[in-house]
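# got a structure for you, letters missing:
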C-alpha cells in the first residue's frame, strides 16, 4: 500500500549548504520531520554543485518520512550566467538585453538542463530554453 502524502514542498537552497536554520528548519519542522534526515543527504548529493542555488522537491508522508529530488540551477540563472548579465529586461517585448544567445550557448544550456526536464530530446529542451530567454528579453540567434 502506498504511503499517504502529507505535503509536497519546493525549496530553493544553496547546494551543499543546507542547515537547520530557516527555510529548511522552519519548513520541515512544521510537518514533524527530522530535518537532519534531509540536511545530511541533501548536502552529500549536492556537494559537487557547491554554492549554486538548486531547487529541492520534497514529499512528506503521514508517517513523518520523506523523499526528495534535486533539480539543478533554474534556466534563467543559467542564461544570465552564460551571457554574464545581472538581470533580464523588465519589458522583454519592447526592450531587449544587449547580448544575444548563440546556438552554441543555447545547446550547452539545453544539454545541462536536459536531465531536469520531462523529455530526453535536446531539440525540445532547446525550444524551452529559447522561450525562457525570449521572456527575459534576450534575443536568440537563428
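Arrived safely. Predicted model only: the values in this text are computed from it and were never measured. Residues are numbered from 1 along each chain as shown.
# quick check: residue 58 is in a strand.
Yes: the assignment for residue 58 by DSSP: H, G, I helix; E, B strand; the rest coil puts it in a strand.
# residue contacts, it?
Counting by Cβ atoms under 8 Å, 6 or more residues apart in numbering, residue 58 makes contact with 7, 8, 9, 10, 11, 28, 38, 66, 67, 68. To be clear about C-beta, it is placed using only N, CA and C from the backbone, and glycine gets the same treatment.
# neighbour count, secondary structure and pLDDT for those residues - can I get that in CSV?
As requested, those are exported to CSV (neighbours: other Cβ atoms under 10 Å; DSSP: H, G, I helix; E, B strand; the rest coil; pLDDT from 0 to 100):
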residue, neighbour count, secondary structure, pLDDT
7, 15, strand, 88
8, 9, strand, 92
9, 17, strand, 91
10, 10, strand, 91
11, 17, strand, 89
28, 24, helix, 87
38, 24, helix, 88
66, 20, strand, 89
67, 12, strand, 91
68, 16, strand, 90
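# dump the residues you listed into JSON lines; add distance to residue 53 as well.
Shown next, in JSON lines, are those (distance: Cβ to Cβ, whole Å):
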{"residue": "7", "distance to residue 53": "22"}
{"residue": "8", "distance to residue 53": "20"}
{"residue": "9", "distance to residue 53": "16"}
{"residue": "10", "distance to residue 53": "12"}
{"residue": "11", "distance to residue 53": "10"}
{"residue": "28", "distance to residue 53": "18"}
{"residue": "38", "distance to residue 53": "17"}
{"residue": "66", "distance to residue 53": "21"}
{"residue": "67", "distance to residue 53": "21"}
{"residue": "68", "distance to residue 53": "16"}
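# residue 124: which of these is nearest?
Nearest to residue 124 among the contacts of residue 58: residue 10, at 23.1 Å, using Cβ to Cβ.
# right, I'll call it a day here.
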